[in-house]
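Chemist: based on what follows, work out the 3D shape:
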Amino acid sequence: MVSRIDLVADLGESFGAWTMGEDEALLDLLTSANVACGFHAGDPRTMDLTVRRCVERGIAVGAHPSFPDLAGFGRRAMDLTPDEVRTDVLYQIGALQAFATAHGTSVTHVAPHGRLGNLVATGPDYATAVVDAVCALDPSMIVMAQDGCLADEARTRGVRVGIVGIADRAYRPDGTLVPRTEPGAVIEDLDELVARTVRMVVDGVLDAVDGTPIAIAADTVLLHGDNPGAVRTAAAIRAALDAAGVEIRGLHSDTVRRDRCPA
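Modeler: Next up is the predicted model:
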């Protein structure tokens, strides 16, 4: 039985005059935040405001790097080289780190967004590129990922991993996510969301889209903030985890600092 869990959401995804999500309300329910770094969403003012709000509440600030795809919200496949992925990820983490430093904190974790996040789970070249960027900048950062190539590469290189369980997405039997283009990819029923999240955290089991039970040893639960009713859903999930005796605590609270990564 899991006795504690981190709660994270993707924040700072507004852009200019366009607003997405209810970040302020969600922040009161989280222990960590994945902050958009400008490639799929976010801009300097939004990043600055989001980091400040996180610091005020003691919430861990994490980078949410993406393919350079503002028009597609980072959800389209792009034919980038591994070196392009490495430098794009390094650029985005560095931008967020500037705002974190300005507000007296640091970037504690990296969680690839959207299509990049999907591809690093199955593609070793992109996974290596992301870990290369982390190791070059700060190997004490946690890599947040689903089980797969990115998590494996990070562990091999001595980088701490936080396995992400995604409450509102359907899983295939192999543990990958059902693509958003397929029916049933996003789960919207509140009771189902709450029940599957508690089961995932407490029992380490989640039913795939075909009903097959799959094992997920989640360290953090991702609560999407861009869905209708996101705040209500996040509050219900947190309340249910509290009722199940699960401690809500950020992964950053016991991070082990590492000096370097092996090549």
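
Chemist: the longest strand in the chain is where?
Modeler: As assigned by DSSP state E, the longest strand anywhere in the chain is strand 4-11.

Chemist: distance from the chain centre to it, please.
Modeler: 8 Å (C-alpha atoms, centre = their mean, to the nearest Å).

Chemist: mind giving me the packing neighbours of it?
Modeler: Counting contacts by 3 or more C-beta pairs under 8 Å, 6 or more residues apart in numbering; DSSP states H and E, strand 4-11 packs against helix 23-27, strand 32-36, strand 220-222, helix 230-243, strand 247-248. Backbone N, C-alpha and C define where each C-beta goes, glycine included.

Chemist: partners of that strand, with directions?
Modeler: Partners of strand 4-11 in the sheet, by DSSP bridges, are strand 32-36 (parallel), strand 220-222 (parallel), strand 247-248 (parallel).

Chemist: next, the angle from that strand to helix 230-243.
Modeler: Strand 4-11 and helix 230-243 meet at an angle of 170 degrees, taking axes from the mean of the first three to the mean of the last three C-alpha atoms, to 10 degrees as the criterion.

Chemist: and the residue nearest to the spatial centre of the chain, how far from residue 146?
Modeler: By C-alpha atoms, centre = their mean, the mean C-alpha position of the chain lies nearest to residue 111, the distance being 4.4 Å. From residue 111 over to residue 146 the distance is 10 Å, taken as C-beta to C-beta, to the nearest Å.

Chemist: what helix or strand does the closest residue to residue 13 other than its chain neighbours sit in?
Modeler: The shortest distance from residue 13 to any non-neighbouring residue, by C-beta to C-beta, 6 or more residues apart in numbering, is to residue 41 (3.8 Å). Residue 41 is located outside every helix and strand, with elements delineated by DSSP states H and E.

Chemist: quick check, pLDDT for residue 41.
Modeler: Predicted confidence (pLDDT) for residue 41: 97.

Chemist: can you check residue 251 too?
Modeler: Looking at residue 251, the pLDDT reads 86.

Chemist: shaky segments in the stretch 101-250 of the chain?
Modeler: 225-228 (pLDDT under 70).
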